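J.: predicted model and sequence follow; I will ask about them next.
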Amino acid sequence: MKCPICKHGQTQPDTVTVTLVRGGSTIVFRHVPGEVCENCGETYHSAEITEALLVQAEAAVAQGVEIDVRRFAVAA
Ligand SMILES: [Zn+2]
């Protein structure tokens, strides 16, 4: 798709690293599928991926995780 941020680049499917900070918890998800703009580098994720990230981050916070690096996995 065309990048809505810079309005010039095209996004390409890629896997990226996403870091979420919630309160005192930092959760790093590796290999998250998304789209990356070839021009400005902005990354986009589908609603399903975003939802899964937030759910997994909240679960980690509930477990009292301070920092965690995990490979992203979603039941699709
Ligand atoms: Zn862009």
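T.: Okay, I see it.

J.: buried stuff in stretch 47-54?
T.: If you call a residue buried by 16 or more other CB atoms under 10 Å, then stretch 47-54 has these buried ones: I49, A52, L53. The way it works is simple: take the backbone N, C-alpha and C, and place the C-beta from them, glycine included.

J.: want to throw those residues into JSON lines with secondary structure, distance to the ion and pLDDT?
T.: Below are the buried residues of stretch 47-54 laid out as JSON lines (DSSP: H, G, I helix; E, B strand; the rest coil; distance: CB to the ion, whole Å; pLDDT from 0 to 100):
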{"residue": "I49", "secondary structure": "helix", "distance to the ion": "19", "pLDDT": "95"}
{"residue": "A52", "secondary structure": "helix", "distance to the ion": "24", "pLDDT": "95"}
{"residue": "L53", "secondary structure": "helix", "distance to the ion": "21", "pLDDT": "95"}
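
J.: need those in JSON lines with distance to D14, can you?
T.: Below are the buried residues of stretch 47-54 laid out as JSON lines (distance: CB to CB, whole Å):
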{"residue": "I49", "distance to D14": "12"}
{"residue": "A52", "distance to D14": "17"}
{"residue": "L53", "distance to D14": "16"}
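
J.: just the strands in the chain please.
T.: Listed in chain order, the strands of the chain (DSSP state E) span 11-22, 25-37, 43-44, 67-71.

J.: between those, which gets nearest to A59?
T.: strand 25-37 (9.3 Å; CB to CB).

J.: what's opposite S25 in the beta bridge?
T.: R22 (DSSP bridges).

J.: cool, V36 as well?
T.: Where V36 sits in a bridge, its partners, by DSSP bridges, are Q12, T43.

J.: so it touches D14, yeah?
T.: Yes. Counting by CB atoms under 8 Å, V36 does reach D14; the two are 4.4 Å apart.

J.: all good on my end, thank you.
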